[in-house]
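Colleague: Below is the sequence, then the predicted model.
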Amino acid sequence: MTEPAAAESGTLPGPAPGSPGSAAAVHRVRRRDPVPLGAGVCVAAVGALVLAAMNGSYLGLTVTTGVGFAIVTVGMVLQLGYSRQLAFSQSVFMGLGAYGMGVLETKYGFGSLESLLAVIGLALVTSLLIGAVVTRAPGLALALATLLMPLFVFQLATYSNWLGSFAGINGVLPLLTGADYTTTLVESGIACAVLLGIATAIVFRVIRSGVGLQLMAMAADERLGESLGISLRQRRLEVFVLGSVFAAVGGAAIASVQGIVTPDVLSETSEITLLLMVFVAGRRSIVGAIVGAVVIEYLATSTSFISTNLGIIEGIVLLVILIVEPDGVAGAIDRLLGRRTDQWAAMLRSRLPGGLLARGGKGGA
Amino acid sequence: MSQFLNLLVAGLTSGAIYGIFGACLAVWFRVCNILNLAVGDFAMFGAIGTAWLVQNAGLPFIAGIVVVVAGVGLAAWLFDWVVLHPAFDRGRGARGIVGVFFYTFGLSLVLEGVARAWFGTDVWGAPVIWSGPALSVLDFHVQRAGILVIALAIVSGLALWAYLRFTVSGRAASACGESRLGSRIVGIDTAKFRRRIFIATAVLAALFGIVESPLSGYTYASGPVISLIGTVAAGFASFRRPGRAVAIGLAIGVAESMLGGYVSTSYNDVLLYAILFGIIIFRPEVLGLGAEPA
């Protein structure tokens, strides 16, 4: 499910119809090119089924939190993986979403869905304002500027009494409230899965569109993109805003599931965790980002050995990924499957149409 | 006046920390266009490792320093051999802006994890090199360790600046960062310079951690924040000028101290980071960055 736009455009060089490579190419395009709505529905349905099957267990709580993180990482795939926009501001917007839910619900009596909508609006406006100035900066400067954001926002939340200081804000409402704790957790989990499905559909839609092609051109070479008439600043801003809004929605979902929001969500550790989720699983794969978020969240809270030594494990895995397969585990699987399906397609070609044609030719002669 | 002077010295001391790490980052970035985000972790290992060897293993202080510095140097060499060599000399692995940040970021995670597993979560400080009460002139007080820290930062910054500016080896090292291919064509071994300067800056950071740790104390998690502020100091020095990075680090430390003394002790860091953020956003040209590394 990576880089479908390249294949979709039909303008990129590829094997001519009827040529030996065309069947494999078409096969690969079909395999890699999911319909956005279908992909979103599929992700939401699988997530909802898995969480319903877990029936409010501790594992269900962990996976639901992982789904919240996955909403953030799906946005990061577009921002970091697809557009190569290295910004370290996701934890800040995740905190904005989480604290937004907490403040609106506990201080102003908002309901959870009203709060969620308000948080989306707030994230949209904030990311537009910040993005308008941040995205002016070139690659390294953008990374450096956004590197500072978690530092000062974390300290701001830590010392602010209004935001609950070190203890944070307790009593954040679940997205959906059921009859008891188990039902509430399952229903909230399903709501998170639906939000993840929507995020997935939107990102797939962007990647499949002409904008996706423009982003790909920009990521490959900004000068090339500019010479094609792409407005770099506008595209950078759009990607930044979309990634930030998803981060806020993910933060809101996590706060709703956990019922509490603390400054930890804004810390650089949180940003590091998000980056690892995306890099290890595959920064150019939406499915990889979803699975990576859930698996890393599970590992971080599972056995004490893993949670204690998580830093060493994550560091080593990250280094191995960077050297061996920069597109992450998903990239490795994708490449492996692509190779395998290419082999199958070649085998089919040689045995069916090619063989039949050869026999027909022979018979005719 | 005495409050101002005390704040100034406190600021210069903390600024020296940012400055020296900024210089380490800048000199290595100049050679290979990679940010060393593990530089703070090398300092942490220097400080905690020495303290652990002296307090728990009973080694003499000097022997502890030698063992730790040798260990840090070995770790840096090993990282270069296992990770950087295949990634940059054999053309494998992630490049571009991802390579700029994430190789050393991975190393930082590993070092932090190892330190947590080995030394626990306690606060550690190496023994004081220049012991005795704070030096006082009227109401103006300065810790002896603080004087050492500031002196070491200034000497190191000047030495790195002089190395790059006035030696053939330094010019060759700078050439590696300007054009890797061009350097190799004229016979400069870019891998050797990358490795040597990485090891040298790691050892320098470890030594600095040993000297500074009696003042602030280190935990396993001290590294990343130091590296981040060092990165900012190096950024304002165009990532390439170690002497300027020390000066900017000192300025950041003084600004932080003054904001803490005269504005708010709670929000001084918030204000400082916000100011730095604003400068980068509204005047990105102060970073002096050209095109993204390929």
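Modeller: Done, it's in.
Colleague: Stretch A:295-307 and chain B in contact?
Modeller: No. Judged by Cβ under 8 Å from any Cβ of the partner chain, stretch A:295-307 stays clear of chain B, getting no closer than 10.3 Å. Using the backbone N, CA and C atoms, a C-beta is placed for each residue, glycine as well.
Colleague: buried ones in that stretch?
Modeller: Residues of stretch A:295-307 classed as buried: A:295-297, A:299-301 (neighbour count, 16 or more other Cβ atoms under 10 Å in any protein chain shown).
Colleague: Keeping just the C-alphas, turn stretch B:229-242 into CSV.
Modeller: Extracted in CSV, the C-alpha atoms of stretch B:229-242 (Å, rounded to 0.1, in the frame of the first residue of the first chain):
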residue,chain,number,x,y,z
ILE,B,229,20.2,22.9,23.4
GLY,B,230,23.6,22.1,21.9
THR,B,231,21.9,21.6,18.6
VAL,B,232,20.2,25.0,18.9
ALA,B,233,23.6,26.6,19.7
ALA,B,234,25.2,24.9,16.8
GLY,B,235,22.3,25.9,14.6
PHE,B,236,22.8,29.6,15.3
ALA,B,237,26.4,29.0,14.4
SER,B,238,25.3,27.7,11.0
PHE,B,239,26.1,24.2,12.2
ARG,B,240,29.7,24.7,11.0
ARG,B,241,31.5,27.2,13.3
PRO,B,242,32.5,25.7,16.7
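Colleague: Give me the mean pLDDT for that stretch.
Modeller: When pLDDT is averaged along stretch B:229-242, the result is 83.
Colleague: can you pull out the strands in the chain?
Modeller: Because you didn't say which chain, this covers chain A. Assigned by DSSP state E, the strands in chain A fall at A:169-170, A:260-261.
Colleague: I was after chain B.
Modeller: Using DSSP E, strands in chain B cover B:135-137, B:140-142.
Colleague: ok so, going back, quick one, which of the strands of chain A is packed in tightest?
Modeller: The highest mean neighbour count among those belongs to strand A:260-261 (a mean of 23), with neighbours defined as mean count of other Cβ atoms under 10 Å in any protein chain shown.
Colleague: Against which helices or strands is it packed?
Modeller: Applying 3 or more Cβ pairs under 8 Å, 6 or more residues apart in numbering or on different chains; DSSP states H and E, we find strand A:260-261 packed against helix A:90-108, strand A:169-170.
Colleague: Quickly run through the sheet partners of the last one, with directions.
Modeller: Counting by DSSP bridges, the strands paired with strand A:169-170 are strand A:260-261 (antiparallel).
Colleague: chain center to the partner strand: distance?
Modeller: Here the centre of strand A:260-261 is set off from its chain's centre by 22 Å, with Cα atoms, centre = their mean, to the nearest Å.
Colleague: Contacts for that strand, please.
Modeller: Applying Cβ atoms under 8 Å, 6 or more residues apart in numbering or on different chains, the external contacts of strand A:260-261 come out as A:95, A:98-99, A:101-102, A:164, A:168-172, A:255.
Colleague: how about the residues of the stretch 101-250 of chain A that lie near chain B?
Modeller: Residues of the stretch 101-250 of chain A that fall close to chain B, judged by Cβ under 8 Å from any Cβ: A:133-134, A:136-141, A:143-145, A:147-149, A:151-152, A:155-156, A:159.
Colleague: what helices or strands is the top helix by length along chain B leaning on?
Modeller: Ordering each helix of chain B by length in residues (DSSP state H) puts helix B:2-32 first. Applying 3+ Cβ pairs under 8 Å, 6+ apart, we find helix B:2-32 packed against helix B:39-55, strand B:140-142, helix B:144-166, helix B:168-178, helix B:190-216, helix B:222-236, helix B:242-262.
Colleague: could you check the angle helix B:144-166 makes with that helix?
Modeller: Using axes from the mean of the first three to the mean of the last three Cα atoms, to 10 degrees, the inter-axis angle of helix B:2-32 relative to helix B:144-166 is 40 degrees.
Colleague: Any buried residues in helix B:2-32, and which?
Modeller: Applying 16+ other Cβ under 10 Å to helix B:2-32 flags B:6-32 as buried.
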